[in-house]
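1. A structural model of the following input is requested.
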Amino acid sequence: MSDKYVIAIDQGTTSTRAIVFDKGGNIISVGQLEHEQIMPKPGWVEHDAMEIWNNTREVVGQALSKSNLTRHDIAAVGITNQRETAVVWDKNTGEPVYNAIVWQDTRTQKIVDELAKDGGEERFKDKVGLPLATYFSGTKIKWILDNVEGAREKAEAGDLLFGNTDCWLLWNLTGGTDGGVHKTDVTNASRTLFMDLPSLSWDQEILDVFGVPASMLPEICSSSEVYGTVHGSQLLRETPVAGILGDQQAATFGQAGFEKGAAKNTYGTGNFLIVNTGEEIVRSENGLLTTVCYQLGDDKPMYALEGSIAVTGSLIQWLRDQLGIISSAPESQTLAETVEDNGGVYFVPAFSGLFAPYWRGDARGAIVGMTRYVTKAHLARAALEATAFQSREVLDAANADAGTDMPDLRVDGGMVANDTLMQFQADILGIPVIRPKVIETTALGAAYAAGLAVGYWDSIEDCRKNWQEDKRWEPQMDSEERDRQLRLWKKAVTRTFDWVDDDVQ
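-> Down below sits the predicted model:
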C-alpha cells in the first residue's frame, strides 16, 4: 500500500479543502474553495450546507487532478470539520431544512438563559464536560426545531437528521438518500451538549430537556474505523471513509499529540488550545472545556482539556472584508510591521461573546485606548496581538488545571505563517513557540486516522516519526513589559462585559 495515498477533506469555517498526503505525511496536492458567510442579523452566522457539499466534490476533483491521481491511488478518505456547526436535513429529500448554523452564532443566548434557570450554566457539565453556551450544537438544533415551520413535526415523525458538518459530508459521500451512512465520531459528538463523556453515548435525559428526538442523532463511532464507502457515482467511489476528527482534535493528532500532557494551539478562524489528559476525564476549574481527544477503533478513548477562542483569524478577515483596512490576510503582517507597537490600542474581538476562560455571552467587541495618534497600522497590530493575548489566557488556565507550566507550545494553522504574530506570541507567553514543517496538521490528523484504520500506517509510531520541527521562536520581551501588556489587556477585556441587554442584539 506504500504506493498509495490518503486524502483528507478539511471542511472548515471559511473554506473546504481536499489534501492528498503520502506515507511520510507530506502534502502532494490541495484543492480549496471558500464558501459564503451568511450573516442575516447581528450575531447570526450561517452557511449553505448544499454549497459546502458541492464544494467538497469539486475540491476532491481539484486535488486528484493536480496530483494526476485517481480513486485507485487512494487508500482511504478522512474527514475533519468545523465542530458545533449544526446541519439539520430531511433524510427523504436530502435537503437541509435551514442553513447550517455556525459555531460562532449567538442567536441561541435566550435558549441558554432559559435552560440555565434550572441549575445554572454548568447544569450538564458533570456529564458532558461543557457549560451551557451558544457555541455548542445542542442549542442550535433546538432553535431550528422551534423556529423553522414544520421542522419539529418532521423530526418527531423521524424524517429529520442532525449532524455537524462531518456527519453531513459522510452521509452524502456514502449515498445520501440512497443508503447514506448516518454516523459521527466521539470528538464531534462531545461538542453537542448531548454526549455523556464516560459512556460515549447520547444522554436521553438531556435530549428530553432540549426537546430533541433521539432519532435525529447519528450513531457515535470511534475516530478511526471504516464507516462506509464512497457512493458509486462519485470520483472516489468504493474508497473507504475511515477517519473522522473534529478540527481541533485532528490538529492535535496531526501534531503527534498522542500522549497525556501533549499540547498544541491551532490558529485558524478561532484559536484552540488542546491538552491531552490521557484516559482520565479532567474537570476544569479554570474555564476550560472537557472533551474527547480521540479514540482509535476499540481502544479506550483519550480525553482532553480545551481552551476555545471564538475570534482570531476571522478578525483579520473582518479587517479585510468589513473594514477594508487590508486587501489580503498577509497584508496584516506587512502593515503591523510598519509600527513598533500597538500605539496603546487593545482590540478585544468578542464578536460572539467571550469563550474560554470567561464564557461571557453578554460581551461584545471593543477597541480601547484610541487616540488621534493611532493609525490603521496600529489597529492591524492590535488585531494580531489580540490572538496572542487570548492564547496566553487559555494557556494560563491550562497550566492552572494541570498544576504545572508547559515548557513550550506547538502551533499550527494558517496564522502561524505570520512571523510577527509568532514572535509576539512567544514574547507574551514567555516560552518557546514551535512550528512543524507541515502546518496543515488538521487535515494531516484526519488522514492519519483514516490511514491507521485501513493499515496504510501500521501504528501511531509511524505517524510520530513524520513530525519535524520547522521553526522556533524564543521570547525576547522582558518580564516587566510582559506584565504591563497583560495588565492592560485584561483591563480591556473587562470593558466588553455586560454589553448585551434584552433589547440589544
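
2. and the pLDDT at residue 502?
-> Listed pLDDT for residue 502 reads 68.

3. count of residues packed around residue 470?
-> 11 (other CB atoms under 10 Å). From N, CA and C alone the C-beta is placed, and that goes for glycine too.

4. now it. Nearest residue, chain neighbours left out?
-> residue 437 (4.3 Å; CB to CB, 6 or more residues apart in numbering).

5. also residue 393?
-> Using CB to CB, 6+ apart, the closest residue to residue 393 is residue 357 (5.8 Å).

6. separation between that neighbour and residue 409?
-> For residue 357, the distance to residue 409 equals 17 Å [CB to CB, to the nearest Å].

7. picking that back up, how close does the residue nearest to residue 393 get to residue 247?
-> Remark: distance between residue 357 and residue 247 (CB to CB) = 21 Å.

8. compare the two (neighbour count), which wins?
-> The neighbour comparison of residue 357 against residue 247 (other CB under 10 Å) goes to residue 247, with 30 against 19.

9. max-length helix in this protein?
-> Looking across the chain with DSSP state H, the single longest helix is helix 376-402.

10. any idea of the mean pLDDT for that helix?
-> Helix 376-402 comes out at a mean pLDDT of 92.

11. gap between that helix and the chain center?
-> 17 Å (CA atoms, centre = their mean, to the nearest Å).

12. quick check: buried residues in that helix?
-> By neighbour count with 16 or more other CB atoms under 10 Å, helix 376-402 contains the buried residues 377-398, 400-402.

13. can you check stretch 359-377 too?
-> Residues of stretch 359-377 classed as buried by neighbour count (16+ other CB under 10 Å): 359-369, 374, 377.

14. now do stretch 219-232
-> Under the neighbour-count criterion of 16+ other CB under 10 Å, stretch 219-232 has 220, 221, 222, 223, 224, 225, 227, 228, 229, 230, 231 buried.

15. ok, stretch 177-188 next?
-> 180, 181, 182, 183, 184, 185, 186, 187, 188.

16. residue 126: which of the residues you listed is nearest?
-> Among the buried residues of stretch 177-188, residue 186 lies closest to residue 126 (CB to CB), at 18.1 Å.

17. distance of that closest one relative to residue 97?
-> Counting by CB to CB, the gap from residue 186 to residue 97 is 26 Å.

18. with residue 487 instead?
-> Between residue 487 and residue 97 the distance is 48 Å, computed by CB to CB.

19. likewise for residue 326?
-> The gap separating residue 326 from residue 97 is 37 Å, by CB to CB.

20. what's opposite the residue nearest to residue 186 when sequence neighbours are not counted in the beta bridge?
-> Distances taken as CB to CB, 6+ apart place residue 292 nearest to residue 186, at 4.6 Å, with adjacent residues excluded. Beta-bridge pairing of residue 292 under DSSP bridges involves residue 303.

21. for residue 292, which residues are in contact?
-> Applying CB atoms under 8 Å, 6 or more residues apart in numbering, we find residue 292 in contact with 186, 187, 189, 190, 197, 200, 249, 301, 302, 303, 304.

22. wait, what's in contact with the residue nearest to residue 441 when sequence neighbours are not counted?
-> Residue nearest to residue 441 in three dimensions, not counting chain neighbours: residue 254, with 3.2 Å by CB to CB, 6+ apart. By CB under 8 Å, 6+ apart, residue 254 lies in contact with 412, 438, 440, 441, 442, 443, 444, 445, 446, 447, 448.

23. tell me the helices in the stretch 251-400 of the chain, going along the chain?
-> With DSSP state H, counting those that start in this stretch as the criterion, the stretch 251-400 of the chain has helices at 313-318, 331-336, 376-402.

24. follow-up on the earlier one: quick one: which of the buried residues of stretch 359-377 sit in strands?
-> Members of the buried residues of stretch 359-377 lying in strands (criterion: DSSP state E): 366, 367, 368.

25. how near is the closest residue to the second one other than its chain neighbours to residue 39?
-> Put plainly, it is residue 367. Using CB to CB, 6+ apart and skipping the chain neighbours, the partner closest in space to residue 367 is residue 347 (5.1 Å). Per CB to CB, residue 347 is found 20 Å from residue 39.

26. who has more neighbours out of these two?
-> Shown here are residue 347 and residue 39; by other CB under 10 Å, residue 347 has more neighbours (26 against 14).

27. what sits up against the one helix or strand residue 111 maps to?
-> Residue 111 is part of helix 109-116, with elements assigned from DSSP states H and E. Contact with helix 109-116 is made by 121, 123, 132-134, 139, 142-143, 209-210, 353, 361, 500, as judged by CB under 8 Å, 6+ apart.

28. how about 7 Å then?
-> Contacts with helix 109-116, where a contact means CB atoms under 7 Å, 6 or more residues apart in numbering, come from 123, 132, 133, 134, 139, 142, 143, 209, 361.

29. what would these look like in CSV with pLDDT and distance to residue 172?
-> Shown next, in CSV, are these (pLDDT from 0 to 100; distance: CB to CB, whole Å):
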residue, pLDDT, distance to residue 172
123, 92, 34
132, 93, 31
133, 91, 29
134, 93, 27
139, 97, 25
142, 97, 24
143, 98, 23
209, 96, 30
361, 84, 33
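
30. ranges for the strands of the stretch 151-300 of the chain?
-> In the stretch 151-300 of the chain, the segments counted as strands under DSSP state E, counting those that start in this stretch are 160-163, 183-185, 195-196, 201-202, 219-221, 224-229, 240-246, 263-267, 271-278, 289-294.

31. those strands: which one's closest to residue 492?
-> strand 271-278 (17.3 Å).

32. okay, the angle between that closest one and strand 289-294?
-> Put simply, strand 271-278 runs at 70 degrees to strand 289-294, going by axes from the mean of the first three to the mean of the last three CA atoms, to 10 degrees.

33. which strands or helices does strand 271-278 pack on?
-> On a contact count with 3 or more CB pairs under 7 Å, 6 or more residues apart in numbering; DSSP states H and E, strand 271-278 meets helix 247-254, strand 263-267, strand 302-309, helix 376-402.
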